[in-house]
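*Asks:* have a look; sequence and predicted model below, questions after that.
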Amino acid sequence: MAITLLYGCAQIETTTRSLDETRAFFFDALGAGPIEQELASQIDQIIPDPDYGCDHIGLGDAVFQVNQPAAGMLYNGQKSVHQSYLDRVGPSVTNLNFFVDDAFHAKELLLSMGATVHIEGPSSAARALADYGPGNTRPGADERPFLFMGTRALIGLDLEIMEPNFLRFTDQTVQYPAFVQPRPVAGDGNLLLERLRIVVSDLEMAEAKLARIFTPASASRPYGWREGPLGRSFRVWLGGIEVEYCQPLGDGALSQALEQFGPGVVTIEFTAKDHAAALARASSKAAIGEEPDWLGLGEKPRDLVTSREAIGFDAVIS
């Protein structure tokens, strides 16, 4: 039985060397703003090491959770997965965060497919995720886990999942999963999330894994297949976010990204209400170049903000 994702993507999670610098880049270059500050503060306090930091940032109607791991940091005896990614590939998108219908089944399914458990703890670790007040709190949060599952080799990114500890999503204000309305205002509101671009080594394998892991209500069938001399791709809706999966075929930008970083998120694409204002803002903090011709189809290039070292991904603005 496949996994059902609930309420849309809760967070796009990244790892960074400096939370302060990453936060400043999100705010100053992309017009983002703070969001879910009560929850972010409680997650930050779970790890007592003063070198650890966590914040939630609203951008493009999505929530980005930024993690600054502390060297040697352990949680329940487990090494920080965020530090592992920093050591291996530098700042990057590590995972997507979802509520699921059955965390125990999800864990069994993913383990049977070759995933690993990077982090596991009680879903009550952050108080705001366990107590939604009288009449809306589901009992048993201490017994239900949150899971950070190593699924990158399967679908190009990891998954952090847990069952909700509330009874009614609409009666809580702790989290604002992507595209759930109404949302609090965060930043200047100029950019809107369009899609994530993920590079993998084998499109058919990714397609098969997605179909086995997620129910049809959680992940669409692949659409928009394209192929050029440098790569091929398809798109899929995954928990309310569009993802373009790409496989390199020739010696181009996709091939270089896969060789340097392994499978994972290469870019996150945004549309701008005011394109000139978005570029003026971004160019004051980062170099702006042309988006690579990923597939070699000769498409008109969009503007690419060189921002991976700062925030974990390069931003494409159209």
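*Replies:* Structure received.

*Asks:* point to the helix or strand of this structure where mean pLDDT is at its lowest.
*Replies:* Here the helix or strand of the chain ranked lowest by mean pLDDT, DSSP states H and E is strand 74-75, holding a mean of 66.

*Asks:* tell me the buried residues in stretch 123-139?
*Replies:* 123, 124, 125, 126, 128, 129, 130, 132 (16 or more other C-beta atoms under 10 Å). All C-beta spots, glycine's among them, are computed from the backbone N, C-alpha and C.

*Asks:* once you drop chain neighbours, what's closest to the fourth one?
*Replies:* On the basis of C-beta to C-beta, 6 or more residues apart in numbering, the spatially nearest residue to residue 126 that is not a chain neighbour turns out to be residue 42, at 4.3 Å.

*Asks:* tell me which element that neighbour falls in.
*Replies:* helix 37-46 (DSSP states H and E).

*Asks:* so which residues make contact with that helix?
*Replies:* Helix 37-46 is contacted by residues 34, 52-56, 65, 75, 125-129, 174-175 when judged by C-beta atoms under 8 Å, 6 or more residues apart in numbering.

*Asks:* how about 10 Å then?
*Replies:* 10-11, 19, 34, 36, 52-57, 63, 65-68, 75, 121, 125-130, 173-175 (C-beta atoms under 10 Å, 6 or more residues apart in numbering).

*Asks:* and the residues you listed, which are buried?
*Replies:* Among the contacts of helix 37-46, those classed as buried by 16+ other C-beta under 10 Å are 10-11, 19, 34, 36, 52-57, 63, 65-68, 75, 121, 125-126, 128-130, 174-175.

*Asks:* of the buried residues of stretch 123-139, which pair is most distant in space?
*Replies:* 125 and 132 (15.2 Å; C-beta to C-beta).

*Asks:* count the residues that sit near the closest residue in space to residue 154 that isn't next to it in sequence.
*Replies:* Nearest-residue entry for residue 154: residue 209, 4.5 Å, with adjacent residues in sequence omitted and distances by C-beta to C-beta, 6+ apart. Residues near residue 209, counting by other C-beta atoms under 10 Å, number 20.

*Asks:* just checking, residue 209 touches residue 152?
*Replies:* No - with contact defined as C-beta atoms under 10 Å, residue 209 does not reach residue 152; the gap is 11.1 Å.

*Asks:* so residue 246 is in which element?
*Replies:* In this assignment (DSSP H and E), residue 246 forms part of strand 241-248.

*Asks:* dump the buried residues of stretch 123-139 to a markdown table, plus pLDDT, secondary structure and distance to residue 227.
*Replies:* Output for those, formatted as a markdown table (pLDDT from 0 to 100; DSSP: H, G, I helix; E, B strand; the rest coil; distance: C-beta to C-beta, whole Å):
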| residue | pLDDT | secondary structure | distance to residue 227 |
| --- | --- | --- | --- |
| 123 | 95 | coil | 42 |
| 124 | 95 | coil | 48 |
| 125 | 92 | coil | 45 |
| 126 | 93 | coil | 44 |
| 128 | 93 | helix | 46 |
| 129 | 94 | helix | 43 |
| 130 | 95 | coil | 47 |
| 132 | 95 | coil | 47 |
